[in-house]
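*Asks:* next comes the sequence, and after it the predicted model I'd like to discuss.
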Amino acid sequence: MPLRLQTRASDSPWINAVWTGTSTSVAEMTSVATVCWGLVFWERQGTAYAAITGPETKTSTAPVPAGASFVGIDFAVGTSLRAVPTPTLVDGGAELPDTTRRTFRLAGVRWETPGPDDAEALVDRLVRTGAVVCDPIVAAVRRGHRPTVSQRTVERRFRAATGLTQGTVRQVERVREAATLLAATAPVAEVVSRLEYVDEPHLARALRRYVGRTARQLREGAVGPIALDLD
């Protein structure tokens, strides 16, 4: 398989998911909309790289270096880098300079490059030093609580922490769940009903905008290289 991604959950409230990947002959993949910012580390031909990735509001095509291995950390919605406002990362990101196979530099500090099982330890250090922070109002809203501040304040804090509106976050999370269900061969009508889409055309438009695949392609497994764990 030219590109294989595997994702695992984490028991850290600061992490949405940890993923690993390897590429062989693939040159590009479909990047799927995501509400998370992240850190990604990869190595190719003995050279190490690291980058900050931002939330993505639409599907796009992204280059993939052949012969590379990756480790990625997707951070929970509401967390952010103190030194880099998340809104500046939306639909973009930044490669980190001065990266080696053992360490990388972030916010003026050198950190140990994590392996697949070291993500939580790295994030714990980032949190303890204040490099990664979390907006408590956004975290409360995500847990289903109703803060005592106004809805306007909630939306302002949400945008500042995530770079996105609450509505956009709901849309992206819903369509990613839809793509996962369809890839598991769930009937389209069942997905529409379960995730409360208005109708099948409404779901089709969301898939086209955020995932870059049709329901049929997902159900039949004809997805090609894509930044979504559909195993």
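*Replies:* Received the coordinates, thanks.
*Asks:* pop the domain breakdown of this protein in here.
*Replies:* As recorded under automatic domain parsing, the domains making up the chain are 3-134, 166-220.
*Asks:* quick one: which of those is nearest I226?
*Replies:* Smallest distance to I226 across the domains of the chain (C-beta to C-beta): 4.4 Å, for domain 3-134. Quick note: C-beta positions are derived from backbone N, CA and C, even for glycine.
*Asks:* how far does that closest one sit from its chain's centre?
*Replies:* Using C-alpha atoms, centre = their mean, to the nearest Å, the mean C-alpha position of domain 3-134 is found 9 Å from that of the whole chain.
*Asks:* residue nearest the centroid of the chain?
*Replies:* The chain has C36 as the residue nearest its centroid, 4.2 Å off, counting by C-alpha atoms, centre = their mean.
*Asks:* so where does the nearest residue to that one once chain neighbours are set aside fall, helix or strand?
*Replies:* Closest residue to C36 apart from its sequence neighbours, by C-beta to C-beta, 6 or more residues apart in numbering: D74 at 4.1 Å. In this assignment (DSSP states H and E), D74 forms part of strand 68-75.
*Asks:* contacts for the next helix or strand after that strand?
*Replies:* Counting by DSSP H and E, the next helix or strand C-terminal to strand 68-75 is strand 79-81. For strand 79-81, contacts defined as C-beta atoms under 8 Å, 6 or more residues apart in numbering pick out 14, 37, 52, 86, 106-107, 131-135, 161-162.
*Asks:* got these as JSON lines, with pLDDT and neighbour count columns?
*Replies:* Conversion of the contacts of strand 79-81 to JSON lines gives the following (pLDDT from 0 to 100; neighbours: other C-beta atoms under 10 Å):
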{"residue": "W14", "pLDDT": "97", "neighbour count": "20"}
{"residue": "W37", "pLDDT": "98", "neighbour count": "26"}
{"residue": "I52", "pLDDT": "98", "neighbour count": "20"}
{"residue": "T86", "pLDDT": "96", "neighbour count": "24"}
{"residue": "L106", "pLDDT": "95", "neighbour count": "20"}
{"residue": "A107", "pLDDT": "88", "neighbour count": "15"}
{"residue": "A131", "pLDDT": "97", "neighbour count": "18"}
{"residue": "V132", "pLDDT": "97", "neighbour count": "22"}
{"residue": "V133", "pLDDT": "97", "neighbour count": "15"}
{"residue": "C134", "pLDDT": "97", "neighbour count": "17"}
{"residue": "D135", "pLDDT": "96", "neighbour count": "19"}
{"residue": "A161", "pLDDT": "96", "neighbour count": "22"}
{"residue": "T162", "pLDDT": "97", "neighbour count": "26"}
